[in-house]
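> Here is my input; please provide its structure:
(one chain, ligands or ions: 1)
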Amino acid sequence: MALPRLRTVVLVSGAALLTRRALKRRIARSPLWPLPALPEPVSGHSKRRATAVRKLLITGRTEVAEGVVRLRLEGPGLPPWSPGAHLDLVLPSGLVRQYSLCGDPADTGAYTVATRLVADGRGGSREVHEQLQEGLEVEVRGPRNRFPLTGAPGYVFVVGGIGITPVLPMLRALAASGAEWRLLYGGRSRASMPFLEEIEKLGADGDRVTVVAQDEAGHPDVAGALANLAPGTAVYCCGPEPLMAAATAALPEGCTLHLERFSAATGGTAGSDGGSEGSEAFEVELRRSGRTVPVAAGQSVLAAVRAELPHVAYSCEQGFCGTCQQRVLEGEIDHRDELLTEDERGDSMLICVSRCRGGRLVLDL
Ligand code: FES
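Residues are numbered from 1 along each chain as shown. As a prediction, this is how the structure comes out:
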């Protein structure tokens, strides 16, 4: 009895080995090869983790300032996050919008975001305010962090309005650690500025917080706040574009500047429709999909790619949110954003605004 069983085992093992070898040869000949060997995708984050969509339950909805609602989103097994991170909210209409996490990273059962209603915006904030009610579910992706708190001997924050959301968890962390920090916080009026009470408490042990309400005192003095900073000070700025421009212009030598944009930079290269326009047409090969798409002169790579692959993620279409970042396998990129780091520019692009310097790009899609 033992001999036939042994023969069966040998035969099955041999067949499995031959099948495995044949499959390996077939994969190696495939035009998609070396797909399994590609390194981790963009931004150093796991693609599965960064792009996985999860449904969270809205368990809290509070108006925390005039025109600003805070949402608490609960769910099991949430990935951890650090101050400065944001979440993609996939709204009921399909719009995707980024909102900074403003809760406590130690609260592992929920994410908290806050959003201001922009009456003349592109519709995302209106949808959040009008449709995202307690008891409903919302889809999210992320979190991701493009605005992390780095090590520095001291910190200065220059913030306008809802720009306080990514900064608030940073202030809590710095206050708890006894680090040296100051905040210049501007807004239209005190009533419109979220989290004011908590922030003033955090800065109560010194002259750390300066609040400038426009209806009382005009615009904040950004140049004054950044004058005479010690070398190595990290300056963090989040708010309207003029505030960011003022911080950039006033940055003292030897200090570092960290910007978080909620809108495209003034004078950016994105087209007026939010897409990227250029005089040259080119083609884009989608290596994983085995397809090639033409990109017309007046068309963005994103638009051309979505005609073939409608699931490809995007949000701002203006080159500041990073949602559409894709790995480039071949071709010379014409970068037209101000978001990616030099490192990221080596092998990836924001396909909503950036283009091609030659006739052909190959994307890892
Ligand atoms: S969609 Fe926001 S950077 Fe491209």
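> per the record, what domains does the protein have?
The chain breaks down by automatic domain parsing into domains covering 43-144, 155-260, 282-363.
> who in the stretch 101-250 of the chain is up against the ligand?
Where proximity means C-beta under 6 Å from any ligand atom, the stretch 101-250 of the chain presents no interface facing the ligand. C-beta: built from backbone N, CA, C; applies to glycine.
> Let me see the ranges of the strands in the stretch 101-250 of the chain.
Here the stretch 101-250 of the chain has its strands, by DSSP state E, counting those that start in this stretch, at 110-116, 137-144, 155-160, 181-187, 209-213, 234-238.
> For those strands, could you give me JSON lines that also reports mean neighbour count and mean pLDDT?
Formatted as JSON lines, the strands of the stretch 101-250 of the chain follow (neighbours: other C-beta atoms under 10 Å; pLDDT from 0 to 100):
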{"stretch": "strand 110-116", "mean neighbour count": "22", "mean pLDDT": "97"}
{"stretch": "strand 137-144", "mean neighbour count": "20", "mean pLDDT": "94"}
{"stretch": "strand 155-160", "mean neighbour count": "26", "mean pLDDT": "98"}
{"stretch": "strand 181-187", "mean neighbour count": "24", "mean pLDDT": "97"}
{"stretch": "strand 209-213", "mean neighbour count": "18", "mean pLDDT": "96"}
{"stretch": "strand 234-238", "mean neighbour count": "25", "mean pLDDT": "97"}
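> Just after the helix or strand of the chain with the lowest mean pLDDT, pick out the following helix or strand.
In the chain, the helix or strand scored least confidently by mean pLDDT, DSSP states H and E is helix 47-51, which has a mean of 48. Downstream of helix 47-51, the next assigned helix or strand under DSSP states H and E is strand 53-65.
> for that next one, packing partners?
Counting contacts by 3 or more C-beta pairs under 8 Å, 6 or more residues apart in numbering; DSSP states H and E, strand 53-65 packs against strand 68-74, strand 110-116, strand 137-144.
> any chance of those strands in JSON lines, plus distance to S177?
Formatted as JSON lines, the helices and strands packed on strand 53-65 follow (distance: least, C-beta to C-beta, whole Å):
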{"stretch": "strand 68-74", "distance to S177": "25"}
{"stretch": "strand 110-116", "distance to S177": "21"}
{"stretch": "strand 137-144", "distance to S177": "21"}
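> that older thread, looking at the strands of the stretch 101-250 of the chain, spot the one closest to S125.
The closest of these to S125 is strand 110-116. By C-beta to C-beta, the value is 5.3 Å.
> Between strand 68-74 and that closest one, find me the angle.
Here the directions of strand 110-116 and strand 68-74 differ by 160 degrees (axes from the mean of the first three to the mean of the last three C-alpha atoms, to 10 degrees).
> And strand 110-116, how far out from the chain middle?
Strand 110-116 has its C-alpha centroid displaced from the chain centroid by 15 Å (C-alpha atoms, centre = their mean, to the nearest Å).
> same deal with stretch 115-131?
19 Å.
> what do you get for stretch 57-66?
22 Å.
> for stretch 297-312, same thing?
On C-alpha atoms, centre = their mean, the centre of stretch 297-312 falls 20 Å from the chain's centre.
> measure it end to end?
21 Å (C-alpha to C-alpha, to the nearest Å).
> That one: which residues count as buried?
Q299, S300, V301, L302, A303, A304, V305, R306, V312 (16 or more other C-beta atoms under 10 Å).
> same deal with stretch 283-298?
Judged by neighbour count using 16+ other C-beta under 10 Å, the buried positions of stretch 283-298 are V284, E285, L286, R287, V293, V295.
> Which ones among these map onto strands?
Taking DSSP state E, the ones among the buried residues of stretch 283-298 that sit in strands are V284, E285, L286, V293, V295.
> residues in contact with the last one?
Shown in contact with V295 (C-beta atoms under 8 Å, 6 or more residues apart in numbering): A281, F282, E283, V284, V301, A304, R355, C356.
> again, but for the first one
Contacts of V284 were listed using C-beta under 8 Å, 6+ apart, and they are T292, V293, V295, V301, A304, V305, C356, R360, L361, V362, L363.
> May I see the ones in strands among the buried residues of stretch 283-298 arranged in JSON lines, with pLDDT as well?
Output for those, formatted as JSON lines (pLDDT from 0 to 100):
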{"residue": "V284", "pLDDT": "96"}
{"residue": "E285", "pLDDT": "96"}
{"residue": "L286", "pLDDT": "96"}
{"residue": "V293", "pLDDT": "95"}
{"residue": "V295", "pLDDT": "95"}
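> mind checking which of the helices and strands packed on strand 53-65 is nearest W81?
W81 lies closest to strand 137-144 among the helices and strands packed on strand 53-65, at 4.2 Å (C-beta to C-beta).
> and that closest one with strand 53-65, angle?
Using the same axes, to 10 degrees, strand 137-144 lies at 90 degrees relative to strand 53-65.
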